[in-house]
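Asker: got a predicted structure here, sequence first:
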Amino acid sequence: MIVNDARWRGSIELHQKSFSHRVLNGFTLVELLVVIAIIGTLIGLLLPAVQAARESARRSSCKSNLRQLGLAITSYQDAYQQYPASLQWDGTLAGGSSVWSVQARILPFVEELMIASEIRRQISGSYSTATLADGTTLIAGLQIPVLLCPSEPNRNVRVDANGKPNNAPVNYAVNLGTWQIFSPVTGDGGDGAFYPNSRLTPGNFLDGLSNTLAMSEVKTWAPYFRNAALASLLVPVSPGVLCSLGGEFKSNSGHTEWVDGRAHQTGFTTTFPPQTKAPYTQAGIIYDVDWSNQQEGKSLTASTASAVTSRSHHVGIVTTVLMDGSTRSISESIDPTVWKSLSTRCGSETTSGSFE
C-alpha cells in the first residue's frame, strides 16, 4: 500500500511538471501581439500584389472582349462586303428612332444568336421597343457580357418609370473620327472608321487596317451635353471649352444604351487624348463631360460633331482594337496628334510608336 501511494505521488508530481512545462512554453500576451503585427504587415504587403494580379487579369479579359468585337466587325464585312454603319438613317425625323448601333449589328458574330436573330427581324423598326420572342423583354435592357469591361464598377441597367429594364450600358465604343461625324444636309460622314449610312470597305482605309482604330473603351453612365445645334463647329482647342458650347446637360446617361448608334451612346472621337478630363460643375458636383452638337437623326439641318473621349478604369491606359482585329493598350500620355491619326482612315499620317 505504501508502494502504491509512492507511485501515486510520483505520477501526480510528473503530471504537474509536465503541465508546468507546457504553460511556460505558451505564448505571452506580448508575443501574441507581435505575431498579430507580423501577420498584419504581411497582409499589407501581399494585398497590393493580389490587387495588381486581379487588375492584370481584368485587363486581359478586357482585351479578349475587344478582340472578339474586332473579329466580329471583320466577319460582318466578310458576310456583307462592307463594314456596318454607325447607324442607318432614312433622312426623316420620323425614322430617327430606328438607329441600331454597330454593336447591335455584329452580335451574330459574337455568338449572341438568339438576341441577334430578333434584332435582324426588327432591324427596320425602333430599337427602343424591340423585344425578344416573348414579346415583353426589351432587347435594349439586356446586358451583353462582351460589351462590358471587367473593371467597370457601374454596370447598372437603366429602368423605366415602372422599374422595367429598358437600357443596358456599354464600355466599348466605335471610332467616329476626330470631330466631325455627319451632315444631314449633304450626307457627308466623318473621317473615322464608322459614320451614319456609311458603306465603307477595306479599300477605303488608305492608312491601313492595322493603323486605324475600330473601337476603344469608354465609361458607362457618362455625363454630357447634347443638341446645342451650333452652325459653326470649330474644333475645341481644350476640354475646358466644351462647357461654353452649351446644349442640354445630361448628368449620367451617356454610354448607357448599347443598341443606340448615336455618338454619345456607342461612339467615341479623338478630339482629346484618352482619359482627358473635361470638368463641369453643377450644384457643387464636378462632372467629367463629353459634348455632341446634335444627335444623329434628330435634325434635318444641324450637323453632328462630338468630343466623346475614350476613358477607362485601367490606370493610365485605354484598351483598343484596330480594324485588323489586333488589340493594343494606349497610354493616356500619347501625343494628341498621333491619337487623332489613329482614328482617321485615310489621312496618311504617321502612327509609329503609338502603343504600349
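Answerer: Done, it's in.
Asker: and the closest residue to Thr266 other than its chain neighbours, what does it touch?
Answerer: Among residues not flanking Thr266 along the chain, Ser101 sits closest, at 4.2 Å (CB to CB, 6 or more residues apart in numbering). (C-beta placed from N, C-alpha, C; glycine too.) Ser101 is in contact with 86-87, 127, 174, 258-261, 265-266, counting by CB atoms under 8 Å, 6 or more residues apart in numbering.
Asker: now do Thr281
Answerer: Per CB under 8 Å, 6+ apart, neighbours of Thr281: Tyr287.
Asker: ok so it is a strand residue?
Answerer: Yes. Assessed with DSSP: H, G, I helix; E, B strand; the rest coil, Thr281 lies in a strand.
Asker: give the bridge partners for it, please.
Answerer: Beta bridges link Thr281 to Ile286, judged by DSSP bridges.
Asker: what separation do you get for it and Gly246?
Answerer: 15 Å (CB to CB, to the nearest Å).
Asker: go on, Thr276?
Answerer: In this view, Thr276 and Gly246 are 20 Å apart by CB to CB.
Asker: among the two, which residue is more densely surrounded?
Answerer: Per other CB atoms under 10 Å, whichever of Thr276 and Gly246 has more neighbours is Thr276, with 17 against 14.
Asker: is it true that that one touches Asp290?
Answerer: No. Applying CB atoms under 8 Å as the test, Thr276 and Asp290 come out as separate, 10.2 Å apart.
Asker: find residues that contact each of these two.
Answerer: When contacts are counted by CB under 8 Å, 6+ apart, Thr276 and Asp290 are jointly contacted by Thr309.
Asker: now the helix or strand harbouring Gln68: average pLDDT?
Answerer: Per DSSP states H and E, Gln68 falls inside helix 29-80. For helix 29-80, mean pLDDT rounds to 84.
Asker: and it, what does it pack against?
Answerer: Other helices and strands packing on helix 29-80, by 3 or more CB pairs under 8 Å, 6 or more residues apart in numbering; DSSP states H and E, are helix 102-105, strand 172-175, strand 213-217, strand 317-322, strand 327-331.
Asker: those: which one's closest to Ser306?
Answerer: strand 172-175 (10.9 Å; CB to CB).
Asker: export only the CA atoms of the closest one, formatted as PDB.
Answerer: Only the C-alpha atoms of strand 172-175 are listed here, as PDB (Å, rounded to 0.1, in the frame of the first residue of the first chain):
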ATOM      1  CA  TYR A 172     -16.700  49.600 -76.000                       C
ATOM      2  CA  ALA A 173     -17.400  52.400 -78.400                       C
ATOM      3  CA  VAL A 174     -16.800  52.600 -82.200                       C
ATOM      4  CA  ASN A 175     -14.300  55.100 -83.800                       C
END
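Asker: downstream of that strand, the next helix or strand is which one?
Answerer: strand 180-182.
Asker: list the contacts of that next one.
Answerer: Applying CB under 8 Å, 6+ apart, the set of residues contacting strand 180-182 is 86, 188-192, 195-196, 233, 263, 267, 269, 296, 303-306.
Asker: what is the burial count for Phe228?
Answerer: Careful, residue 228 is Ala and not Phe. Neighbour count for Ala228, taken as other CB under 10 Å: 16.
Asker: which strand or helix spans it?
Answerer: Using DSSP H and E, Ala228 maps to neither a helix nor a strand.
Asker: which pLDDT does the model give it?
Answerer: Listed pLDDT for Ala228 reads 96.
Asker: and if you look at Leu322?
Answerer: pLDDT recorded at Leu322 is 98.
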